[in-house]
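Student: quick one, what's the 3D model for this:
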Amino acid sequence: MAARIRRPSLRPLWIAQLAAMAVMVGLAAGFQGPADAVSALVGSAVALLPNVYFAWRMFRHRGGRQARRAVHGLYRAAAGKFGLTVALFTLVFVTVPLSNHALFFGAYVVTLFAYWLASWQMTRQTPN
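Tutor: Modelled structure (predicted):
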């Protein structure tokens, strides 16, 4: 009997991104104040939400018989992530009055780096 393919655990990715979000919001609140903490929170959310969507769409199909669906799912997930990112940036800049744009973009970048670093660490792990 063939070994069952395990779906990768996304917990390290979520923990890394939520930790980056908490650090950025905490630093902004501590050094700048609550209004700037909101800018950091919104920046982290703009990075986090499209990644959640991507993971949800990407890991819906698994197994060798569904390889074609998995590839199509990858393309849809990437396009949806890009579209959602553009929509969130537009929504934020049109509706949310940010007090500190530098913190917004800083939190966005730090949250993305946390995602990239955590996913890199996941690929370096040896399978059980």
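
Student: use CA for all of it now, contacts and neighbours both
Tutor: Fine.

Student: nearest spatial neighbour of A16, skipping sequence neighbours?
Tutor: Nearest residue to A16, sequence neighbours excluded (C-alpha to C-alpha, 6 or more residues apart in numbering): A114, at 5.6 Å.

Student: so where do the strands sit in this protein?
Tutor: For the chain, no strands are identified by DSSP state E.

Student: put the alpha carbons of the helix or strand of it with the lowest mean pLDDT into PDB.
Tutor: Lowest mean confidence among the helices and strands of the chain (mean pLDDT, DSSP states H and E): helix 101-124, at a mean of 81. Below are the C-alpha coordinates for helix 101-124, written out as PDB (Å, rounded to 0.1, in the frame of the first residue of the first chain):
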ATOM      1  CA  HIS A 101       2.700  55.200   6.500                       C
ATOM      2  CA  ALA A 102       6.300  54.100   7.400                       C
ATOM      3  CA  LEU A 103       5.000  51.800  10.100                       C
ATOM      4  CA  PHE A 104       2.300  50.500   7.800                       C
ATOM      5  CA  PHE A 105       4.800  49.400   5.200                       C
ATOM      6  CA  GLY A 106       7.400  48.300   7.800                       C
ATOM      7  CA  ALA A 107       4.800  46.000   9.400                       C
ATOM      8  CA  TYR A 108       3.800  44.700   5.900                       C
ATOM      9  CA  VAL A 109       7.400  43.900   5.000                       C
ATOM     10  CA  VAL A 110       8.300  42.300   8.400                       C
ATOM     11  CA  THR A 111       5.200  40.100   8.200                       C
ATOM     12  CA  LEU A 112       6.100  39.000   4.700                       C
ATOM     13  CA  PHE A 113       9.700  38.300   5.700                       C
ATOM     14  CA  ALA A 114       8.400  36.200   8.600                       C
ATOM     15  CA  TYR A 115       6.300  34.200   6.100                       C
ATOM     16  CA  TRP A 116       9.300  33.600   3.800                       C
ATOM     17  CA  LEU A 117      11.600  32.700   6.600                       C
ATOM     18  CA  ALA A 118       9.100  30.300   8.200                       C
ATOM     19  CA  SER A 119       8.400  28.600   4.800                       C
ATOM     20  CA  TRP A 120      12.100  28.300   4.200                       C
ATOM     21  CA  GLN A 121      12.600  26.600   7.600                       C
ATOM     22  CA  MET A 122       9.700  24.300   6.800                       C
ATOM     23  CA  THR A 123      11.400  23.100   3.500                       C
ATOM     24  CA  ARG A 124      14.700  22.400   5.400                       C
END
